[in-house]
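Chemist: how would this look folded up:
(4 chains)
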There are 4 protein chains.
Amino acid sequence: MPFPSAPPPPPPLRVTVWCEGRAERLDPEVAKRYPRGMGGAVAEAVEQHLGERVLVRTAELDEPDHGLTEEALAATDVLTWWGNLAHREVSDAVVGRVHRGVLAGMGLVVLHSGHLSKIFRRLMGTSCTLRWRNAAERELVWTVDPTHPVAAGVPHPLVIEEQETYGEFFDIPEPEELVFVSSFDGGEVFRSGCAFRRGKGRIFYFSPGDQEYPVYHHPHVRRVIANAVAWAAPATDREQPRLTHVESGWFEHTGGAA
Amino acid sequence: MPFPSAPPPPPPLRVTVWCEGRAERLDPEVAKRYPRGMGGAVAEAVEQHLGERVLVRTAELDEPDHGLTEEALAATDVLTWWGNLAHREVSDAVVGRVHRGVLAGMGLVVLHSGHLSKIFRRLMGTSCTLRWRNAAERELVWTVDPTHPVAAGVPHPLVIEEQETYGEFFDIPEPEELVFVSSFDGGEVFRSGCAFRRGKGRIFYFSPGDQEYPVYHHPHVRRVIANAVAWAAPATDREQPRLTHVESGWFEHTGGAA
Amino acid sequence: MPFPSAPPPPPPLRVTVWCEGRAERLDPEVAKRYPRGMGGAVAEAVEQHLGERVLVRTAELDEPDHGLTEEALAATDVLTWWGNLAHREVSDAVVGRVHRGVLAGMGLVVLHSGHLSKIFRRLMGTSCTLRWRNAAERELVWTVDPTHPVAAGVPHPLVIEEQETYGEFFDIPEPEELVFVSSFDGGEVFRSGCAFRRGKGRIFYFSPGDQEYPVYHHPHVRRVIANAVAWAAPATDREQPRLTHVESGWFEHTGGAA
Amino acid sequence: MPFPSAPPPPPPLRVTVWCEGRAERLDPEVAKRYPRGMGGAVAEAVEQHLGERVLVRTAELDEPDHGLTEEALAATDVLTWWGNLAHREVSDAVVGRVHRGVLAGMGLVVLHSGHLSKIFRRLMGTSCTLRWRNAAERELVWTVDPTHPVAAGVPHPLVIEEQETYGEFFDIPEPEELVFVSSFDGGEVFRSGCAFRRGKGRIFYFSPGDQEYPVYHHPHVRRVIANAVAWAAPATDREQPRLTHVESGWFEHTGGAA
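Modeler: I've put the predicted structure just below:
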């Protein structure tokens, strides 16, 4: 099918920003640091950089179905995920729903302690554990794949004055694309920007973002999040993978599958 | 730690060959084709090529705990898996046990319809679906990574006169190493030899092996299975991945972690 | 730098279609099959699908500097390459110029027997040899990465009724992304759609396209070529990689590198 | 071909340690630091850990043919390479000879400033440039692939008290396997342990090793070098890749290629 000379602008990307919402309620410091909640800060990042190209809604753990009903997910092109204290409270039914959505093409951007979320561990198949300490160390995020779309407009290095320290070995499968590697004052390194593909879905993991620091107000961190959301947009129509029986020469008459 | 000039031979690799065991009981043709069961044929493949380097035991679905108790798995270096009709009957408790074993370092060789096993899907995070038909077509297994240990001594192509046809899109994550790609009479192609790493464990998926054909009596198929078992041997001591808190400079006095 | 709400359309992608131009002159059958030359057919493919988004020029071996002067390459965003009989006649000076261009960010799409071109072998570091025969066999191009931009709108499989047969082992480094795998009537398989990154440049190799057959008139082949050209577009400003001395903390005041 | 029960020990691995040999002659400090030359230190590392499993010879730039005649290379299973000041003086004829050797199966271990050697750049196809400064900073080498053979017995992190600082972006193709990532006092990170495959040859790049510091006397650095040499051993008989014409069904009678 030919592209027209001037293709009409695509419909806005529908983004759901999911955030646990507990830290803001339990810790007044966090509430002060993030008046709109951490989810609100992430939503701002996306809207600030992608403007009319996106439609953003937020959802939280304590909503019915965690704000992730079948309808909500069917109407979500990219889901962002930040969780920390309550991974266990995310229902298996919702995790299964999100998993199916990603395999069918929904994008997923996982942030910080979301590495221990049920959904990220399910997509990775590994423990996703790591070494850590919370000591307000400076993090330098270095780009090791400078032409990757998620690195566009990101300084090399991206400097975060105070952050939680993560260290290797980060028990993930080898990323399809390794985009960022961070160092911390204590000398640890960490693969902080990792791209994966699962089924038809694109997944980006970006590690900075502890609730103790104003990381999601950082302009360059916000740029990365927006880049990752745009990059994770579905490439094709939503389609569940299926075990499919075919006859010999099935494609001869149908012209093959899309 | 230095290697001695002539290192003592390592202890035998302890291999558990797991096979569903149902097809042989339900279908007299399969029983005749595989008098020792399909598991028996796979065990023969391993013993025939690795001899005194291995200690092989077999286990089946209908044994208590499917023959995969904590003790059995702790004493297993490499597990092979063939299942077809009864993936659902494998208990979640056993699947969890096997999963933890692989992340800690146990090797896993998954065969044929094992792509739909709970354990393989859990390690992959994807649906592992594909296109298929059972029409006794010839399969040519071509090597695309000729120096890979699993390809050692395997002809290019490996010819299987009659086999079940598998076709892309095979919904797996990108293999860490793609070793074999097959073609079938009807023209389909399939990534038939795929290596993965999850945690400390090595996983090899090899697709030939439908119960309708004597595939596991094929000498070259047996060579691949034996190569894969040897390749999947644990590289380090068994060790569960852990979320680990560390202080700044933790490695200064301990000399780092192993 | 924030994206405006409605970003202005980017300037057209400047594409240079390089074709050896000898086969058309030596063989009247080829000239009849490709009245505008093979380069003309490739240029049509790009223009047909990308329309006003591209500015296409063609260049041939027998032009001064093979049509690839410093100025021409500085004004080229993506270069396509088809050569067959005369790889040796491409001057080392021009090859060096193209190589530097790719490392600085120019995209490169290499077609068919271009696998033996000096420029492709220089970027790969390997021999790029393969098995082959020219027997008008049917080629089925299967997609193994369905969400890859180069696979957009391409049928699965893409059927080419008559083509030159290529077979593994194709001596290339492991592609960064494997997009297509082909099968041929005789049973051979071949990794026919391979994406690479070298420096800041993106490279796509697509194997169909022997001059004995009207492959570049095939609508789906044309779609792949156009997709590959769009995908290979430079992501950043042209920039030569450099060995760079830096002082400790060099990034503190400069805000890091772009 | 079956493995015997107790396979006879393989013949020793023939290792050629190539070192430029200029720094030791030009700088008395380097000569004092490395009384046997840097090549001598690397040779010690290999012999110390691999003992009777290896036969090691050294070669230098200023020998005839740089000590790398056709006969010498035909009798070399793994070549190590350290160069710094005189990459340009390595003759193109010798570089071509080494290149062909690697593609045919000879292993190559490239150390430190060898990243700018003609042979490494030829195998990579990129500029292999990086950021650097020589400020006696501490380097921490972290393992990101803990079951990789080159990481066996290596502490996490490996601590080098004084080293030359290397920083990203390191202009190499994506390594087939990323094994080590280093951090330096100034905060830079660098992909310091990278495995590649080119043709039938295995290549390992390991960055520590500036002549200003006694890095090659460091026991853990020596362990890595020995591991890399063992890992890079040829997997098959030496064989040049070739463009090969085949008839349809060529494999039916020959039993395929080895």
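Chemist: Run a quick neighbour tally on whatever residue of the stretch 101-250 of chain A ends up closest to chain C.
Modeler: Nearest residue of the stretch 101-250 of chain A to chain C: A:Pro155, at 3.4 Å (C-beta to the nearest C-beta). For every residue, glycine as well, the C-beta is placed using N, CA and C. By other C-beta atoms under 10 Å in any protein chain shown, 19 other residues sit near A:Pro155.
Chemist: what's it sitting at in phi/psi?
Modeler: Dihedral angles of A:Pro155 (phi, psi; degrees, to the nearest 10) stand at phi -70, psi 160.
Chemist: That one contacts A:His220, correct?
Modeler: Yes. Counting by C-beta atoms under 8 Å, A:Pro155 touches A:His220, with 6.0 Å between them.
Chemist: who does the strand ranked longest in chain A pair up with?
Modeler: In chain A, taking DSSP state E as the definition, the longest strand is strand A:131-143. Strand A:131-143 pairs in its sheet with strand A:158-167 (antiparallel), strand A:177-184 (antiparallel), strand B:244-245 (parallel), by DSSP bridges.
Chemist: Would you mind finding the most buried of those strands?
Modeler: strand A:177-184 (a mean of 26; mean count of other C-beta atoms under 10 Å in any protein chain shown).
Chemist: Whatever helix or strand comes next after it pairs with which strands, parallel or anti?
Modeler: Beyond strand A:177-184 in the direction of the C-terminus, DSSP states H and E gives the next helix or strand as strand A:189-198. Sheet partners assigned to strand A:189-198 using DSSP bridges are listed as strand A:177-184 (antiparallel), strand A:201-206 (antiparallel).
Chemist: and those strands as CSV, adding mean pLDDT?
Modeler: Formatted as CSV, the strands paired with strand A:189-198 follow (pLDDT from 0 to 100):
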stretch, mean pLDDT
strand A:177-184, 98
strand A:201-206, 98
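Chemist: Now render those strands as TSV, adding distance to C:Val189.
Modeler: Converted to TSV, these look like this (distance: least, C-beta to C-beta, whole Å):
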stretch	distance to C:Val189
strand A:177-184	26
strand A:201-206	27
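Chemist: Show the pLDDT at the residue lying closest to A:Arg36 once chain neighbours are set aside.
Modeler: Ranked by C-beta to C-beta, 6 or more residues apart in numbering or on different chains and with sequence neighbours excluded, the top spatial neighbour of A:Arg36 is A:Glu44, at 7.1 Å. In this model, A:Glu44 is scored at 98, pLDDT.
Chemist: what residues does chain A put near chain B?
Modeler: A:103, A:116, A:122-127, A:129-133, A:135, A:137, A:165, A:167, A:169, A:171, A:173-174, A:176, A:185-187, A:196-199, A:240-249 (C-beta under 8 Å from any C-beta of the partner chain).
Chemist: Show the buried residues in those residues.
Modeler: For the residues of chain A next to chain B, a neighbour count by 16 or more other C-beta atoms under 10 Å in any protein chain shown gives the buried set as A:103, A:116, A:122-127, A:129-133, A:137, A:165, A:167, A:169, A:171, A:173-174, A:176, A:185-187, A:196-199, A:241, A:246.
Chemist: List the residues that contact the residue most central in space within chain A.
Modeler: In chain A, the C-alpha nearest the mean C-alpha coordinate belongs to A:Val109, at 0.7 Å (C-alpha atoms, centre = their mean). For A:Val109, the contact set (C-beta atoms under 8 Å, 6 or more residues apart in numbering or on different chains) comprises A:78-81, A:203-206, A:225, A:228-229, A:232.
Chemist: Nearest to chain D among these?
Modeler: A:Tyr205 (14.5 Å).
Chemist: For that closest one, which residues are in contact?
Modeler: So A:Tyr205 contacts A:109-111, A:114-115, A:120, A:172, A:175, A:193-196 (C-beta under 8 Å, 6+ apart).
Chemist: what's the span of stretch A:113-127, first residue to last?
Modeler: Using C-alpha to C-alpha, to the nearest Å, one end of stretch A:113-127 lies 13 Å from the other.
Chemist: Quick one: mean pLDDT over it.
Modeler: Here the average pLDDT along stretch A:113-127 is 98.
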